[in-house]
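K.L.:
could you work out the structure for the sequence below:
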Amino acid sequence: MSNAHQFIEEIKRELQETEAKICQHPFLRALEDGRVPKEKLKFFVGEQQHIIRSDLCSVALLLSRYGLSPSRDFFWMVLQGEKAALDAIPILAKALGVAEEELARYEPKAGAHAYTAYMAWMALYASDAEVATAYLVNFEAWGDNCGRMEKALLDKYGLTRPDLLFFSLFSLPPEDFETKALAVIESGLARGVEARLLRRSARLLQDYELMYWDTLFSLST
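P.N.:
Numbers count the residues shown, from 1 in each chain. Alright, predicted model coming up:
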C-alpha cells in the first residue's frame, strides 16, 4: 500500500461523520420513496448545469497550470468527464420536463453553489495534490449518491437509462481514476506539500458537498 493510499484512508476515517451525512441524506431517502415531486427535480438539473459549467472551467485552468507536469493525465481525464456530464444535462432536463428556456434562466442558490465556488478557488490557488485529494475523497460519496438517484428515477419516476446518462457517468468512474489521483498525491507529498493542506481541501469539499444536498432538500421537499 502506497503512502498516498494510507494517507487517503486516514482522511476518510477523519471525515466519516460528514460522509455518512451525505450518503444517508434525507433527500436521497425522499427520492427513493417517491416523495420528491417530479417538477421539483428541476432544482437538481438547474444547479448541476451551473456546477458542471463552472467545474469544466476550473479543471481546464488546472490543466493549463499543470499541463507540463505528470499531473496532466489526471486533469485531462477529469476534464473529459466534466465535458461528458455537461453534454448529458440537456438529456436529463428534457426527461424531467424542464424546457431549454427554463434551464437557461435558472439562477443558482448559494448553498448549492458553494462547492463549485471552492473548486474555482482551488483551481487558482491550490496544488495539484490538494485538488486530487479533495476529488478522490469526495467522488466516492458523490458517485454513490448518483447511483442511488439513477435507480430511484428508474424505479419511481419512469425515466429510462438513456435519460440518466448523467448519473451513470459519475456512478461508474474511470477504472484508473483512483490510480492516477494517488500518483498526483504521492508526488505532492514527496515534494513537500503540507499534509494539513490536503486534509483541509478534502474536509472543505465534503462540507460543501453536504451543503449542496441540504440546499437541494430544502428546495425539493
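
K.L.:
give the contact list for Gln206.
P.N.:
Neighbouring residues of Gln206 by C-beta atoms under 8 Å, 6 or more residues apart in numbering: Leu15, Thr18, Glu19, Ile22, Val137, Asn138, Ala141. Any C-beta I mention is one placed from the backbone N, CA and C, and that applies to glycine too.

K.L.:
closest to Arg35 among those?
P.N.:
Arg35 has its nearest neighbour among these in Ile22, at 19.1 Å by C-beta to C-beta.

K.L.:
what's around the closest one, how many residues?
P.N.:
22 (other C-beta atoms under 10 Å).

K.L.:
that older thread, which of the contacts of Gln206 fall within helices?
P.N.:
Counting by DSSP state H, the contacts of Gln206 place Thr18, Glu19, Ile22, Val137, Asn138, Ala141 in helices.

K.L.:
name the nearest residue to the fifth one, ignoring sequence neighbours.
P.N.:
I take that to be Asn138. In space, and not counting its chain neighbours, Asn138 is closest to Leu205: 4.8 Å by C-beta to C-beta, 6 or more residues apart in numbering.

K.L.:
now for the contacts of Gln206, which pair is the farthest apart?
P.N.:
By the measure C-beta to C-beta, Ile22 and Val137 form the most distant pair in the contacts of Gln206, at 11.0 Å.

K.L.:
low-confidence regions, the chain specifically.
P.N.:
The model of the chain has pLDDT under 70 over residues 1.

K.L.:
need the helices for it, in chain order.
P.N.:
Here the chain has its helices, by DSSP H, at 3-14, 16-23, 26-32, 42-65, 72-95, 100-105, 110-125, 128-156, 165-171, 177-190, 195-220.

K.L.:
tell me which of the ones you listed sits most buried.
P.N.:
Stretch with highest mean neighbour count among those: helix 128-156 (a mean of 21; mean count of other C-beta atoms under 10 Å).

K.L.:
my guess is Phe7 contacts Leu198, does it?
P.N.:
Yes - counting by C-beta atoms under 8 Å, Leu198 is a contact partner of Phe7 at 7.3 Å.

K.L.:
who touches both of these two?
P.N.:
Common contact partners of Phe7 and Leu198 (C-beta under 8 Å, 6+ apart): Ile185, Leu189.

K.L.:
Pro37: neighbour count?
P.N.:
Pro37 has 10 nearby residues by other C-beta under 10 Å.

K.L.:
tell me the spacing between it and Cys23.
P.N.:
Counting by C-beta to C-beta, to the nearest Å, the separation of Pro37 from Cys23 is 23 Å.

K.L.:
again with Ile51
P.N.:
Applying C-beta to C-beta, the value for Ile51 to Cys23 is 19 Å.
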